[in-house]
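[1] this one's sequence-less:
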């Protein structure tokens, strides 16, 4: 496995772990909804970064999923259908991370964020070659 494939795999593993963490925190009687929704943003960001990495597209150090999706659209125009998802999830990188009037998202907001992050992750997986999918399913490679 070359360096690029390892990096793509690692972005995807981190993304998958963030989705798993968000789901577990969502099931934890609402104690950490703010942390869970942050993981949704991270999962989506990392999924798109994996796609861009696979295609050797440089991207800035950013949490702006919309910007990343716009870069990805240049490779695959179907990424366009994830602009709204990107706009929904991007603010969660910071919105609930710091003290403010509203400390936590609603359970419904988190449920939507989990669904959207997982949809974007799954879509990215469909755009990658089967070799990458196999590597993801066998993290020990």
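    That came through fine. Here the structure is a predicted model, which means the values were calculated and not measured.
[2] wait, residue 87 touches residue 67, no?
    No: using Cβ atoms under 8 Å, residue 87 is not in contact with residue 67; the gap is 10.8 Å. To be clear about C-beta, it is placed using only N, CA and C from the backbone, and glycine gets the same treatment.
[3] so the most far-flung residue of the chain relative to its centre, which state does it fall into?
    Distance from the C-alpha centroid of the chain peaks at residue 101, with 26.2 Å (Cα atoms, centre = their mean). Judged by DSSP: H, G, I helix; E, B strand; the rest coil, the three-state class of residue 101 is coil.
[4] measure residue 16 to residue 70 for me?
    Between residue 16 and residue 70 the distance is 24 Å, computed by Cβ to Cβ, to the nearest Å.
[5] and those two? which has more neighbours close in?
    residue 16 (18 against 15; other Cβ atoms under 10 Å).
[6] chain center to the strand or helix carrying that one, what's the gap?
    Using DSSP states H and E, the element containing residue 16 is helix 3-26. In this view, helix 3-26 has its centroid 8 Å away from the chain centroid, taken as Cα atoms, centre = their mean, to the nearest Å.
[7] repeat that for stretch 101-121.
    Worked out by Cα atoms, centre = their mean, stretch 101-121 lies 12 Å from the chain centre.
[8] what are the contacting residues of that stretch?
    For stretch 101-121, the external contacting residues (Cβ atoms under 8 Å, 6 or more residues apart in numbering) are 12, 15-16, 18-19, 22-23, 26, 30, 33-34, 36-37, 40-41, 43-44, 47-48, 82, 85-86, 88-89, 92, 95-96.
[9] tell me which residues of the helix holding residue 16 are tucked away?
    5, 8-9, 11-12, 14-16, 18-19, 21-23, 25-26 (16 or more other Cβ atoms under 10 Å).
[10] now do the helix or strand that it is followed by: which elements does it pack against?
    As assigned by DSSP H and E, the chain's next helix or strand after helix 3-26 is helix 33-54. Applying 3 or more Cβ pairs under 8 Å, 6 or more residues apart in numbering; DSSP states H and E, one finds that helix 33-54 contacts helix 3-26, helix 65-73, helix 83-89, helix 107-127.
[11] perfect, that will be all.
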